[in-house]
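Trainee: The sequence and its predicted three-dimensional model are supplied below.
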Amino acid sequence: MCQLNARKPQKALNALALCTTLACTVVHSDIALAKDDRPAVALEAGTAMPANLVSAFELPNPEQFKGVKLVVVPEFSIEFLTDNGASSTNGNTSVSQVWRLRGVGPAEYQAITDAAYSALLRSLVAAGYEVVPSATMLAHPAYAKMTSAGKPTGLRTDSGIAMAPSGMVVMPLGTVSARQSNSAGPLGALQALQTIGTIAGSLGGESDVNEMARALDATVLRVRIATDFSQVGAERGLLQRLSGKASVSGKAQPTIKAGATALRVFTPQQKAAQIMLANPLLLPEDTFVETREATSAATVAGDVAGALLRLGAGISGGSQTKEYEVVAEPAQYTLRMSEGMNQLAQGMVARLAAATR
């Protein structure tokens, strides 16, 4: 079970109204995971991937990629979600949760990203592919063109940080919804926390990708990975609406995100496709060491002040915010995340090999 500890005051969020009729359901390690279109695949400690991992990847029209032998990987990035949240409204009542990852930072993220990139290259070689050496790739004029819009590793996003392998760059980011909308509610700032950065449509442009593929006579592989540290969502359904209460539930959950994790393929013959992770991958629970409540005194004061204003104006209903911190120990977090990335690389390459052999 999670340990909940009081924390020192932090900077307040927007003032939110509080009412005694408000109900906020906060559930941690014993709640069921939010429903996904595809069931989650559990990754165990270690580097041996589960047998069902390969089926978690989708690739349309695989027959057009037969015969791929030489590959180059000029784009590789991982975005680590470090802030998350959700809000729920029911009538004039609203609740919200804010979740933050603590204990790790850019040093751990860089180590994980470097290890993940190396794991991908090893998996490609083990599967029988010839990989263009990094030095050859980095020195090629086409690489400079493709990455001219890139940013140094450690690029901050609305809700996390994007990393590239050492010596490479993070390409321009867009954002996609990490979950279904959790209701707009009064807490507009939280909507940004419900998105996770993913790599934009191309490296500079498809013409640059085509130039590299043709110049090296190699299939270009571009990888984007997105990770999450929590599952937070609004309670939904007819019974919830009839109850007259707003409710949000959350838990710590280390995850490699489906939909936002993909391997893009572009051949010298200008054939393109995307191998998409369709099932979320769950990392071991001991990736984190603690989950604690961290609602600041300033946030509570803002809730109370809002409640008094609403009562004075004769307005029913109210709002409340709960804040949580998920704590990671650097060495353990780096180990478990690197193991998960190793398994991800094996599964991704196995799916690629099934299409190209």
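Mentor: Now that the structure is in, tell me what you want to look at. Residues are numbered from 1 along each chain as shown.
Trainee: tell me the average confidence for stretch 46-57?
Mentor: Here stretch 46-57 scores 95 as its mean pLDDT.
Trainee: What of stretch 247-259?
Mentor: 91.
Trainee: Okay, now the unreliable bits of the protein?
Mentor: Scanning the chain with the threshold set as pLDDT under 70 gives 1-37, 91, 173-206, 235-244, 296-318.
Trainee: need the helices for the chain, in chain order.
Mentor: Taking DSSP state H as the test, the helices found in the chain are 106-126, 134-139, 141-146, 206-216, 238-243, 297-312, 330-356.
Trainee: Can you tell me which helices and strands the longest one packs against?
Mentor: Put plainly, it is helix 330-356. Packed against helix 330-356, as judged by 3 or more CB pairs under 8 Å, 6 or more residues apart in numbering; DSSP states H and E, are the following elements: strand 57-58, helix 106-126, strand 219-234, strand 248-256, strand 262-266, strand 272-277, strand 281-282. Where C-beta positions appear, they are placed from N, C-alpha and C, glycine not excepted.
Trainee: Any idea how far it is from the middle of the chain?
Mentor: Computed by CA atoms, centre = their mean, to the nearest Å, the chain-centroid distance of helix 330-356 equals 15 Å.
Trainee: now do stretch 62-81
Mentor: Per CA atoms, centre = their mean, the displacement of stretch 62-81 from the mean C-alpha position of its chain is 19 Å.
Trainee: How about stretch 319-333?
Mentor: Counting by CA atoms, centre = their mean, stretch 319-333 comes out at 15 Å from the chain centroid.
Trainee: which residues does the residue lying closest to residue 136 once chain neighbours are set aside contact?
Mentor: Closest residue in space to residue 136, ignoring its immediate chain neighbours: residue 216 at 7.9 Å, by CB to CB, 6 or more residues apart in numbering. By CB atoms under 8 Å, 6 or more residues apart in numbering, the contact set of residue 216 is 70, 72, 132, 136, 137, 140, 142.
Trainee: Dump the helices of the chain to a markdown table, plus distance to residue 47.
Mentor: A markdown table is the format used below for the helices of the chain (distance: least, CB to CB, whole Å):
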| stretch | distance to residue 47 |
| --- | --- |
| helix 106-126 | 8 |
| helix 134-139 | 22 |
| helix 141-146 | 30 |
| helix 206-216 | 30 |
| helix 238-243 | 42 |
| helix 297-312 | 42 |
| helix 330-356 | 5 |
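Trainee: Most tightly packed of those helices?
Mentor: Mean neighbour counts were taken over those using mean count of other CB atoms under 10 Å, and the top value, a mean of 21, falls to helix 330-356.
Trainee: That one to helix 106-126, inter-axis angle?
Mentor: Helix 330-356 and helix 106-126 meet at an angle of 30 degrees, taking axes from the mean of the first three to the mean of the last three CA atoms, to 10 degrees as the criterion.
Trainee: Strand 219-234 and helix 330-356, what's the angle between them?
Mentor: 130 degrees.
Trainee: And the helices of the chain: which comes nearest residue 263?
Mentor: For the helices of the chain, proximity to residue 263 was assessed by CB to CB; helix 330-356 is nearest, at 5.2 Å.
Trainee: tell me the angle that closest one makes with strand 272-277.
Mentor: 130 degrees.
Trainee: Quick one: work out the angle between helix 330-356 and strand 262-266.
Mentor: 40 degrees.
Trainee: do you know which of the helices and strands packed on helix 330-356 lies nearest residue 39?
Mentor: Ranking the helices and strands packed on helix 330-356 by proximity to residue 39 (CB to CB) places strand 281-282 first, at 10.2 Å.
Trainee: Contacts for that closest one, please.
Mentor: Applying CB under 8 Å, 6+ apart, the external contacts of strand 281-282 come out as 33, 40-43, 53, 56, 253-256, 258, 340, 343-344.
Trainee: Relative to residue 165, which of the residues you listed is nearest.
Mentor: Looking across the contacts of strand 281-282 and measuring by CB to CB, the closest to residue 165 is residue 344, at 14.9 Å.
Trainee: so how many other residues sit close to the residue lying closest to that closest one once chain neighbours are set aside?
Mentor: Nearest non-adjacent residue to residue 344, counting by CB to CB, 6+ apart: residue 256, 5.9 Å away. Counted with other CB atoms under 10 Å, residues neighbouring residue 256 total 26.
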